[in-house]
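> I'd like to go over a predicted model; first the sequence, then the structure.
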Amino acid sequence: MATTLYLLRRLLQAVVVIFIVTVVVFCLLHSLPGGPARGILGAQATPQQLAQFNREQGLDKPLVVQYVIYLGQLLRGDLGVSYTYNQSVAQLIVQRLPKTLVLTILQAVVALVIAIPLGMWQAARRNRPIDYVITTVSFVAYSAPAFFLGLILIIVFSQTIRLFPSTAPGGDTLASVFAQPQALVLPVVTGAAAMVAVFSRYMRSSTLENLGEDYVRTARAGGASGTGILVRHVFRNSLTSVVAMLGYYVPVLFGGSLVVEQLFNYPGMGLLFWNAAQSSDYPVLLGCVLIISVATVVGTLLADVLQTIIDPRVKAGRA
Amino acid sequence: MTTTDVSKPILEIQGLGIDFSTESGTVHAVRGVDLHVRPGETLALVGESGSGKSSVALAAMGLLSNNATASGSIVVGDLDIVSADEGALRGVRGSTVSMVFQEPATALDPLTRIGWQIAEVVRNHRPVSKADAFAEAVDLLRRVGIPDPDSRASAFPFQLSGGQRQRVVIAMAIANSPRLLIADEPTTALDVTVQAEILELLRKLAVDTGTGVLLVTHNMGVVADFADRVAVMLRGEIVETGSVEEVLLTPQHEYTQGLLAAVPRLSTEFDSDAGTAAETPAEPVISLTDVTVRFGRGAHTVHALDSVSFDVRAGETVGLVGESGSGKSTAARVALGLIKPTSGAVGLFGQDLRTLRGRARRTLQSGIGVVLQDPVASLDARMSVGEIIAEPLRVHRRGIGGAERARLVAEALEAVRLPASMAWRAPRELSGGQRQRVSLARALVLKPRLLVADEPTSALDVSVQKSVLEVIGELQSHLGFACLFVSHDLAVVQDFCSRVVVMRNGRIEEQGLTGHTLVDPTTDYTRRLLAAVPVPDPIVQRDRRQARLAALAAVTTTESLEQDHA
């Protein structure tokens, strides 16, 4: 009962958040100079042609009216038609989204599987040489831009030792993506590197904080070993704050896919967004932002639900 | 337990020194400590904060922090803790020697069910299956007096009261029948009635199994109640040691004498003069009339206050006492205007707080000063002492200039017996007692007509508590403000307040002159509260304990169990 109410409340919040996101993005897009007419009709287009395009697409109407029209379509499930692809935005997203999801989920899983034990291991060896080495590597991984890291990886593993291909799996279906798993390695590594750095830092500091807690002393006083305390008590307690961060990391992952998909020519949402931004394809841009904000909201919601599973106090409203 | 080696101490500490290496150099926290505990006896290690008593306790478990180094010898059973490696230490921790900690709220893993936490200690030392260890945990919970242990074993710590959590920590400590139990302030965080129950439980366990107990505490009443022998620590050294009667009744060392003199004692003498003091009826400075406060809605409603009425008159000090959850702090917050009552009226300086808004309300509230419990958290660490004290002036006396403000700050500092030069210091450079005086100076800088003090001395050592209370009392006689004094310490209230309001579960149980109500109460609840306060005289305390247990046995104990359960 309480859980249902909680979820309902969260869903309502989510709808409000997504609504606000569409308003902000709509305003931002339309305040950009240029506009889609010039992008689509080219540099040689006459002012008359531009005006005609704007009239056809309703771009000459006041911003508020345009927004109301867009919202009306949205409520009917119509995301509009792309200016450049001659396809409905919904169709484009249905084609592209699964691919990006595959890539980002793989990145997240790989990153967490490495980062969480790494962070704990570092915390247990805090301020020893190996901790400093990993900390330094983390900062390098975190501060290296993804496109730079990706290029290095391509040069080393694709051009020099020819271990992995430099382009991601092509094809329109998920089956074709999974048919070439080796082609996924470099994109996943590129996207996961920064996340490993960030989350191993979170886990390290969260673990350190928990190692200083009274219950650790109680466990030691009961004769528990250092490893036993880490595995049985500190792990779960440290995980709660990391899980909370996970929800907020969803937009970062999507943002990263922009670079990774462009770099490895992987036809997902990132590449779609990139191309749409180049040609001021408003309906596609709005659709992409909408999907990303939905994904972010769903991500934080999932993180919260996960938290109630790990920490019984959340459900009881005590934490 | 074998009876043959009764004479051989279970804990023998010789020439113990503990050094902490800090950024500002090495601190010699403990020097040349010798002590021993024999099976079946309780040694109380007493002293004020910073005396090194907790360091000694942790060193005996081999649990000192990484920046600490111990020298000398600590022999537990046959093992020298100081030179033992981690593996050997792990072997004795939780089996030969175990520990009960001060803060039951944080001593347990919040995400692990209590039964499994106890089972873990069992399995650390004996090759028992998980199911058997859990069954043992249920038995242990029964032994430490947790009601319905079969289902409670699956509870998480947050579902238990403070007293119950401490019982769980004790269950973990006795899981492998240790020969030495170290208890570091085991009842400091608990209410007096729960404290009495926990001490009774520890005493029973120690007597039943012949366990030696090292009790670390600052509370002389607890010492009188529980200890056979006492060692007094001062700045890292033991200055006096002897039987509990010797040390508490005829202390030899100057420091012990001073310490005992500073302990507020519960008087049992009916004060027939008390009536005259209140015969000059001044105007009520603040009055609560039928105040009810509810938090939450529906099934989760908490009745924090239920038809509470009392007033505080100019120049008098009213004590607000009760156990945790009784609503005493909520009542103080209502008086401060921080919580809006669900119903009922709050009159402040003759005006109705409900009808005032905005500036008028703020002006009225500038007549209230407040001192809170935590000396660390209640001062902004980023401000200097001078800025902290000047802040109320900046808010409520915008007209005055910088020079005038500095003068008022210096005056306020002087009033609380701090040097004016302290204005330039940061709060972190000050001791707990100095910080509370800064809080007091901030509260008094606007010359308030009402001072609300919420447990202002409960985080302080007794000698410091004494001087802070003296300062408040002295200023009150000069400035004539009314004081609402929230405290759980009945002895302090008896000593410091003219009237007392006893609260329980959001209701007022009784109120009256302290000389009457706290000596000859009219309700069983107040009587039980008073009976549970241990007095720092071992002979008197032995009689009080007997009387209390007899009274408890007479009436059914269900009520106190319910209390603990809640």
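Sure thing, it's come through.
> and the helix or strand hosting residue B:440, what's its mean pLDDT?
Assigned by DSSP states H and E, residue B:440 belongs to helix B:432-444. Averaging pLDDT along helix B:432-444 gives 88.
> contacts only, for residue B:301.
Listed by CB atoms under 8 Å, 6 or more residues apart in numbering or on different chains, the contact set of residue B:301 reads B:294-295. Using the backbone N, CA and C atoms, a C-beta is placed for each residue, glycine as well.
> around chain A, pick out the residues from chain B.
B:61, B:63, B:86, B:90-95, B:98-99, B:101, B:103, B:106-112, B:117, B:120-121, B:124-125, B:156, B:158-159, B:169, B:172-173, B:175 (CB under 8 Å from any CB of the partner chain).
> partners of residue B:305 in the sheet?
As for beta bridges, residue B:305 partners with residue B:293 under DSSP bridges.
> picking up where we left off before, list the buried residues for the helix holding residue B:440?
Buried residues in helix B:432-444, counted by 16 or more other CB atoms under 10 Å in any protein chain shown: B:432-444.
> got the confidence number for residue A:260?
Predicted confidence (pLDDT) at residue A:260: the value is 89.
> chain neighbours aside, what residue packs nearest to residue 315?
Unless you meant another one, I'm taking chain A. Leaving aside its chain neighbours, residue A:315 sits nearest to residue A:308 (4.9 Å; criterion: CB to CB, 6 or more residues apart in numbering or on different chains).
> look at chain B instead
Sequence neighbours aside, residue B:480 is the residue nearest to residue B:315 in space, at 4.9 Å (criterion: CB to CB, 6+ apart).
> correct me if wrong: that neighbour contacts residue B:314.
Yes - contact status for residue B:480 versus residue B:314: in contact at 6.2 Å, counting by CB atoms under 8 Å.
> for the stretch 101-250 of chain B, what spans make up the strands?
Using DSSP state E, counting those that start in this stretch, the strands of the stretch 101-250 of chain B run over residues B:180-184, B:212-217, B:229-234, B:237-243.
> Serialize those to JSON lines and add fields for mean pLDDT and mean neighbour count.
Putting the strands of the stretch 101-250 of chain B into JSON lines (pLDDT from 0 to 100; neighbours: other CB atoms under 10 Å in any protein chain shown) gives the following:
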{"stretch": "strand B:180-184", "mean pLDDT": "92", "mean neighbour count": "25"}
{"stretch": "strand B:212-217", "mean pLDDT": "92", "mean neighbour count": "26"}
{"stretch": "strand B:229-234", "mean pLDDT": "92", "mean neighbour count": "24"}
{"stretch": "strand B:237-243", "mean pLDDT": "91", "mean neighbour count": "17"}
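> identify whichever of those lies nearest to residue B:513.
strand B:212-217 (31.8 Å; CB to CB).
> tell me the helices and strands packed up against that closest one.
strand B:25-37, strand B:42-46, helix B:53-61, strand B:180-184, helix B:192-209, helix B:220-226 (3 or more CB pairs under 8 Å, 6 or more residues apart in numbering or on different chains; DSSP states H and E).
> tell me the mean pLDDT for the fifth one?
Along helix B:192-209, the predicted local confidence has a mean pLDDT of 85.
> what's the weakest-modelled helix or strand in the chain?
The chain I'm using is chain A. The helix or strand of chain A with the lowest confidence, counting by mean pLDDT, DSSP states H and E, is helix A:36-41 at a mean of 72.
> that's the wrong chain, I meant chain B
Bottom-ranked secondary element of chain B by mean pLDDT, DSSP H and E: helix B:274-277, a mean of 48.
> need the residue closest to the centroid of chain A.
Closest to where the C-alpha atoms of chain A average out (CA atoms, centre = their mean) is residue A:253, at 2.4 Å.
> ok, that residue touching residue A:110?
No - in this structure, residue A:253 is not within contact of residue A:110 by CB under 8 Å, at 11.9 Å.
> thinking again about what came up before, what number of residues lie near the residue lying closest to the residue nearest to the centre of chain A once chain neighbours are set aside?
Once flanking residues are discounted, residue A:253 sits nearest to residue A:104: 4.5 Å by CB to CB, 6+ apart. For residue A:104, the neighbour count with other CB atoms under 10 Å in any protein chain shown is 26.
> re earlier: and the helix holding residue B:440, what does it pack against?
Packed next to helix B:432-444, using 3+ CB pairs under 8 Å, 6+ apart, are strand B:368-371, helix B:385-396, helix B:402-415, helix B:462-479.
> need the winner for burial among those.
Highest mean neighbour count of the helices and strands packed on helix B:432-444: strand B:368-371, a mean of 24 (counted as mean count of other CB atoms under 10 Å in any protein chain shown).
> tell me which other helices or strands that one touches.
Partner elements for strand B:368-371 (3+ CB pairs under 8 Å, 6+ apart): helix B:328-336, helix B:432-444, strand B:450-454.
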